[in-house]
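Visitor: Pasted the sequence and its predicted model underneath.
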Protein chains: 2
Amino acid sequence: MAIELYDTTLRDGTQGEHINLSVQDKLLITEKLDEFGMDFIEGGWPSSNPKDEEFFLKARKLTLDRSKLCSFGSTARLLQNIENDPNLQGLLHSETPVITIFGKTWIAHTSKGLGISEEENAELIYRSVSFLHSHGREVFFDAEHFFDGFKDNPLFALRMLKAAAEGGASRLVLCDTNGGSLPHEIDAIVRRVLAETGIPVGIHSHNDGDLAVANSLAAVIAGATHIHGTINGIGERCGNANLISIIANIMLKMDRNFTFVEHLSQLTSLSKFVYEILNMPPDGKAPFVGRSAFAHKGGIHVSAVMKDSSLYEHIDPKLVGNRQRVLVSELAGQSNIRYKAQELGIELPEKGELLKNLVNHIKELEHKGYQFDGAEASFELILHRELGNFNPYFEVRESKVTIESRKGSKNVDQAVLKVAVGNEIEHIAADGDGPVNALDKALRKALIRFYPQIKTIKLVDYKVRVLEEKRGTSAKVRVLIETGNGRDTWGTVGVSTNIIEASLQALCDSMNYHLFILKASIPSGEELLQD
Amino acid sequence: MAIELYDTTLRDGTQGEHINLSVQDKLLITEKLDEFGMDFIEGGWPSSNPKDEEFFLKARKLTLDRSKLCSFGSTARLLQNIENDPNLQGLLHSETPVITIFGKTWIAHTSKGLGISEEENAELIYRSVSFLHSHGREVFFDAEHFFDGFKDNPLFALRMLKAAAEGGASRLVLCDTNGGSLPHEIDAIVRRVLAETGIPVGIHSHNDGDLAVANSLAAVIAGATHIHGTINGIGERCGNANLISIIANIMLKMDRNFTFVEHLSQLTSLSKFVYEILNMPPDGKAPFVGRSAFAHKGGIHVSAVMKDSSLYEHIDPKLVGNRQRVLVSELAGQSNIRYKAQELGIELPEKGELLKNLVNHIKELEHKGYQFDGAEASFELILHRELGNFNPYFEVRESKVTIESRKGSKNVDQAVLKVAVGNEIEHIAADGDGPVNALDKALRKALIRFYPQIKTIKLVDYKVRVLEEKRGTSAKVRVLIETGNGRDTWGTVGVSTNIIEASLQALCDSMNYHLFILKASIPSGEELLQD
């Protein structure tokens, strides 16, 4: 039997810290989720804020091929006022085919929170569900704090579920609202609920115990057929259950299917898309879809991975749209470097002094704090230089950077460089917005006469990490720079106790790499004189 | 029965992408782990790289109260050469009381990877373990790819475990090396192993399926009594099992104990400490210890949380050293600031112009990129200044920093400052190791005559984070500095497009804060003339 996917990225997901989605963002995500194949998309809580009301208004114009849109809200507040309850009215106005309402199923919440009796709470649930149902909507019941409630008072919790079922709810969604349940508890409780009600059961879990995915899978094994979660596990506190991990596990490990999901290989791009819209950096370590999820670092692993990937990867990364990567690191021996070289299309000698020197050189650099993970261009230049294929296009002989500030007047940041190109020496200065910017400008100014090709390149990213933090202000820093030419980007690295020096190294590598790729030639003195 | 904790942050953890620990870092973490109460600390793989060899050499001088240090390596490579195997020799040279060696237990790895027979592999394991054991070391056996191996060929996998047991291994650690197993598989296989061997079983899991914590708990429920993992779940690909989550779940949810862990409330600070040493931003969403783990956003939740926290939190955050937070939107900025001020023991006016200005000032600073999380001293100075309790002890009127490098000679980094104190102007210069160090030295030199109290303070941490990364080298940076006087430490912040300027702001705040706390008085011209 196929399992249903209920996405609540747009509602529960936005409860997370630093999560902010505009109406337009929500519409874009809705279309993407439909394309991927969600059964249900919970768009928001219409009567709680104007943004969600606007969303449901605009969402009517979307053409969704697979997903049904759901609005979310609570049961009515007062038994005497079901018909005119503003929350239920808001839900009807949202015009979604499905309405999900939550009710209290933990006795402590009913008595302390609402201050009503068991009888009244059951009646509130029954009448709220049946009111919405009588208006022709499909109604799902979210049993709030169900697992904590069941552990406290199973009869109370079950009675509330039955009230929802009698009212016409077509799904009973068991919520681990505080996120603290363990998988074996979920298993036992889901089985009990299925035995006592005749209605499909769903699971809605949170990650407060680092177990949201496991709890969702446990519920499925126990018979649940409807799963709530968010893309990338965003959500309040530690987040909701991560649908990305759940989908991959269920399809690839448990051999079950979802109603609509056909192209599991879109999983990585779905994850990235949502991060993009959220304007959040993706989690590199994310299972299945993270940049590091199939990245190998250990030396022995790498040689084995090259022999047979399936021995060192739990699934084929292509199945989820991800890819294998091999990282270069001090922990790796020859085989890592060889693999990386192969990826870059560089042929290394089989053995001998040259190879040994190269490996030692890279190990030594990493010992100093160099790291080539985000700086493949620097790595490539080192290989080519050791192999005798590359000579630097220029050399910075002297540099002097001055940062001057004076109360009441504008800062002056100036770089003066003496740069050797071929037989020529260029002595040049530039001002900038901060010292690194001044250096960047001066370097370009010095080189442009010799290498007009550098005109097209642009810095796209600049990162500083302090190594040996305990050394205070005299600590070593590592600077990573990413440069682009509008088509490709490449990363370079510099390390020094002097942040300016480290930046200059990375800048020089970046320019050299660009010229190397373009196969620029070092101008001879004669050519230059003709200028 | 108490469960043993085996920490491999320093070995398997460092296989993670962007993870880099110096020998000094590793020693600091070792001491912290011992203090927290790990049973075993795996320090590295001695024969694989010089850094780990250096670590074990230096680690001999540490006094560990609780933890036993372990070195890690593989079984011997050749049956004919057990005695002189360089890997086993390296393990012995590490002089750790415990040695953990891994061997192949998946038949595919033995045949394809090593190219040897079942018989030979069992013999290799038996003889490697017994060789180390005969030298008086306790030997743990890491059964590599055990779960995949068992699913493929249970008899082969079990035979390898038995070979290790016969060799004298005192723990059989079952590794889910590729991280793809499901909790119910772990459960069944651990039970089978326990039934067939008489030796304590451990679990070593990876998070490729987002299930590493669940898998570790499943193993414990099935009878495992020894858990491998890393702090914050760092490690190759998607990381190792996160010991932070495991420890909290086992003690708080499963009512089991560990040998030494007494102060679970140190869990949050342990997590932060390791992030700090790694120079990685902490994961705000991390279960139990993350900054958002007990942060409430939803309006209805917040009022209920204030009534009774236990209704909306799976555990009391204090148990793990964390705290509840209520997130306040931009509109309610006042109450947030009031809450923080209260924490710092500063009384704010109930309302009025002063409060409004203060709130606006802080909002404006936060908008510019200031962040007071790690910089409460800067925040406190702002409050006191706005309230009229604080005037800066000095003012830097002019600064000029020069960074000069010349091929073949030593770098010269010089700072020249014009600093006003009372009616005096100090015009002074200093050289340093990098520009920030030069600034630091010059500032101290300028102030020492007026404020000898600054002699005792020392920088303990320096961090740079680039904001608006897309702006390349002219992007804004935020500098966080932590300063200590041997007893307390305090954090200050500076923000600018110029890294030197941002550093100077944070340095000035730091000195001012120290003087403010000591209630230093600004010297008048007369006093100074008497010097």
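Guide: Arrived safely, thanks for sending.

Visitor: What pLDDT does the model give A:Leu311?
Guide: Predicted confidence (pLDDT) for A:Leu311: 86.

Visitor: Who are the contact partners of it?
Guide: For A:Leu311, the contact set (Cβ atoms under 8 Å, 6 or more residues apart in numbering or on different chains) comprises A:304-305, B:106, B:108-109, B:112-113, B:145. From N, CA and C alone the C-beta is placed, and that goes for glycine too.

Visitor: quick one: which of these sit in helices?
Guide: Residues of these located in helices (DSSP state H): A:304-305, B:108.

Visitor: Does chain B have contacts with the single longest helix found in chain A?
Guide: When chain A is parsed with DSSP H, its longest helix is helix A:499-517. Yes: using Cβ under 8 Å from any Cβ of the partner chain, helix A:499-517 reaches chain B at A:499-501, A:503, A:507.

Visitor: now these as CSV including neighbour count?
Guide: Listed next are the residues of helix A:499-517 next to chain B as CSV, based on neighbours: other Cβ atoms under 10 Å in any protein chain shown:
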residue, neighbour count
A:Ile499, 27
A:Ile500, 28
A:Glu501, 22
A:Ser503, 26
A:Leu507, 25
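
Visitor: which among the residues you listed gets closest to A:Ile448?
Guide: Proximity of these to A:Ile448 (Cβ to Cβ) peaks at A:Leu507, which lies at 14.2 Å.

Visitor: Can you spell out the domain ranges of chain A, please?
Guide: A:4-262, A:295-386, A:395-529 (automatic domain parsing).

Visitor: Name the residue of the stretch 101-250 of chain A that lies nearest to chain B.
Guide: Residue nearest to chain B within the stretch 101-250 of chain A: A:Gly180 (2.6 Å; Cβ to the nearest Cβ).

Visitor: Return the residues in contact with that residue.
Guide: Contact analysis of A:Gly180 by Cβ under 8 Å, 6+ apart lists A:148, A:208-209, B:253, B:314-315.

Visitor: related to what we said a few turns ago, output the residues of helix A:499-517 next to chain B in JSON lines, with distance to A:Leu480 and pLDDT appended to each entry.
Guide: Below are these laid out as JSON lines (distance: Cβ to Cβ, whole Å; pLDDT from 0 to 100):
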{"residue": "A:Ile499", "distance to A:Leu480": "12", "pLDDT": "84"}
{"residue": "A:Ile500", "distance to A:Leu480": "15", "pLDDT": "87"}
{"residue": "A:Glu501", "distance to A:Leu480": "15", "pLDDT": "90"}
{"residue": "A:Ser503", "distance to A:Leu480": "10", "pLDDT": "92"}
{"residue": "A:Leu507", "distance to A:Leu480": "12", "pLDDT": "95"}
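
Visitor: quick one: which of the ones in helices among the contacts of A:Leu311 is most hemmed in?
Guide: Highest neighbour count within those: A:Val305, with 21 neighbours (other Cβ atoms under 10 Å in any protein chain shown).

Visitor: and it, what does it touch?
Guide: A:296, A:311-313, A:324, A:326, A:339.

Visitor: make it 6 Å
Guide: Contacts here follow Cβ atoms under 6 Å, 6 or more residues apart in numbering or on different chains; on that basis A:Val305 touches A:296, A:312.

Visitor: Please tell me how far it sits from chain B.
Guide: In this view, A:Val305 and chain B are 11 Å apart by Cβ to the nearest Cβ, to the nearest Å.

Visitor: before we move on, what about A:Glu350?
Guide: Taken as Cβ to the nearest Cβ, the span from A:Glu350 to chain B is 20 Å.

Visitor: what comes into contact with the longest helix of chain A?
Guide: A:377-378, A:381, A:390, A:392-393, A:401, A:435-436, A:439-440, A:443, A:451, A:454, A:457, A:477, A:479, A:481, A:483, A:490, A:492-496, B:403.

Visitor: what's around A:Leu27, how many residues?
Guide: Neighbour count of A:Leu27, defined by other Cβ under 10 Å: 18.

Visitor: same check, this time on A:Gly408
Guide: Residues near A:Gly408, counting by other Cβ under 10 Å: 6.

Visitor: Kindly state the pLDDT recorded for it?
Guide: pLDDT, read off for A:Gly408, is 81.

Visitor: Identify the residues contacting it.
Guide: With Cβ under 6 Å, 6+ apart, A:Gly408 has no contacts at all.

Visitor: Confirm A:Asp65 sits in a helix?
Guide: No: with DSSP: H, G, I helix; E, B strand; the rest coil as the criterion, A:Asp65 is located in coil rather than a helix.

Visitor: Now do the same for A:Asp358: helix, strand or coil?
Guide: Rather than Asp, residue A:358 is Leu. State at A:Leu358, reduced to three classes by three-state DSSP: helix.

Visitor: wait, it sits on A:Glu386?
Guide: Yes: if you go by Cβ atoms under 6 Å, A:Leu358 and A:Glu386 touch, sitting 4.5 Å apart.

Visitor: who has more neighbours, the two?
Guide: When A:Leu358 and A:Glu386 are compared on other Cβ under 10 Å, the one with more neighbours turns out to be A:Leu358, at 20 against 17.

Visitor: how many neighbours does A:Pro452 have?
Guide: Applying other Cβ under 10 Å, I find that A:Pro452 has 10 neighbouring residues.

Visitor: Quick check: it vs A:Ala520, distance?
Guide: Remark: distance between A:Pro452 and A:Ala520 (Cβ to Cβ, to the nearest Å) = 10 Å.

Visitor: what's the answer for A:Asp7, then?
Guide: Counting by Cβ to Cβ, the gap from A:Asp7 to A:Ala520 is 51 Å.

Visitor: Compare neighbour counts for these two and give me the winner.
Guide: A:Asp7 (28 against 16).

Visitor: Hmm, the more buried one is touching A:Met38, no?
Guide: Yes: using Cβ under 6 Å, A:Asp7 is in contact with A:Met38, at 4.6 Å.
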